[in-house]
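Undergrad: coords please:
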Amino acid sequence: MKRRSLPVAAALTATAALLLTACGSGDDKSTDNNKIAGADEASASPKESATPSGAPAEDKPDGVDVSLPKDIDLVFDWDKPKNKNEAAAMDDAANYIRAIYQGVDKGTTKSAAVATYASGNGLKYANTQIDAYIEGGWTVTGTRLHYDATTRSAANGKSVEVAFCSDSTKFYGREIRTRKVLTTDPSITDFSYFKIIMVKHPTGTDLWQASKVYVEEKAAKCQ
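TA: Residues are numbered from 1 along each chain as shown. Next up, the predicted model:
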């Protein structure tokens, strides 16, 4: 997940920064002969800890709590597609991003939100990102914008690719102990292009889970 670069003086910092900017792979491998990667995968069932509770997810009255503190503003500036499944998958792709940063803010991977909105490699990715922040003693602050979203359904109707740009020019790391905000000058490294493969939950509910995450860093097309 893209984050503002931290000082490079410490080896630990550099290692964590690499983890936090690597979304599965820098290569675009989400398509093969016009098929969506992960289209034939079945998503894992949510853990028992994923029982809906707390504030509802956006546009999902039965969703789990994906709320964030006021200083973490994730903006999803996109229009919903007319296709019902694609619209639901797009909503839950946003909830997946919220769940990751909720975990970062609370300092835990053991959250109902992450367990609900992620499966397979998507769950592994989320946990890796959250753990890297925890180990580094960081959280985040500021505003990250997500925009230019597109959706594409698999032929079997069980998988939807949700692709979008992100702008982190106003999104920063913050040291938990000192509360110091780690600012950097805006650059192309603030722009990323994501493809998240959302898989419909096998129970037949409206829940979609992130099963794979791909990213293009320094995405000039998102500037």
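Undergrad: what pLDDT, on average, does the longest helix seen in the chain get?
TA: Across the chain, the longest stretch assigned as helix under DSSP state H is helix 84-106. Mean pLDDT, helix 84-106: 96.
Undergrad: And it, what's buried?
TA: If you call a residue buried by 16 or more other CB atoms under 10 Å, then helix 84-106 has these buried ones: 85-106. Bear in mind the C-beta positions are built from the backbone N, C-alpha and C, glycine included.
Undergrad: Stretch 144-156 too?
TA: 144-146, 149, 151-154.
Undergrad: try stretch 73-81
TA: Residues of stretch 73-81 classed as buried by neighbour count (16+ other CB under 10 Å): 74, 76, 78, 81.
Undergrad: Just the CA atoms of the helix or strand where the second one lies, as CSV, please.
TA: Secondary structure here is read from DSSP states H and E; on that basis residue 76 sits in strand 72-77. Taking Å, rounded to 0.1, in the frame of the first residue of the first chain, the C-alpha atoms of strand 72-77 are listed here in CSV:
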residue,chain,number,x,y,z
ILE,A,72,-7.0,9.6,8.3
ASP,A,73,-9.2,10.6,5.4
LEU,A,74,-9.5,8.0,2.6
VAL,A,75,-11.5,9.6,-0.3
PHE,A,76,-13.0,7.4,-2.9
ASP,A,77,-13.9,9.8,-5.7
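Undergrad: Neighbouring strands - and their directions - for that strand?
TA: Here strand 72-77 has these sheet partners by DSSP bridges: strand 138-153 (parallel).
Undergrad: and the strand it pairs with, how far from the chain's centre?
TA: Mean-position distance between strand 138-153 and its chain equals 7 Å (CA atoms, centre = their mean, to the nearest Å).
Undergrad: What's the first helix or strand after that strand?
TA: Counting by DSSP H and E, what follows strand 138-153 is strand 159-175.
Undergrad: Can you tell me which residue is spatially central in the chain?
TA: Residue closest to the average C-alpha location in the chain (CA atoms, centre = their mean): residue 97, at 3.1 Å.
Undergrad: these two touch, right, that residue and residue 74?
TA: Yes. Using CB atoms under 8 Å, residue 97 is in contact with residue 74, at 6.1 Å.
Undergrad: Can you pull the residues that touch both of the two?
TA: Common neighbours of residue 97 and residue 74 (criterion: CB atoms under 8 Å, 6 or more residues apart in numbering): residue 146.
Undergrad: Next, count neighbours for residue 69.
TA: 12 (other CB atoms under 10 Å).
Undergrad: Residue 197 too?
TA: 29.
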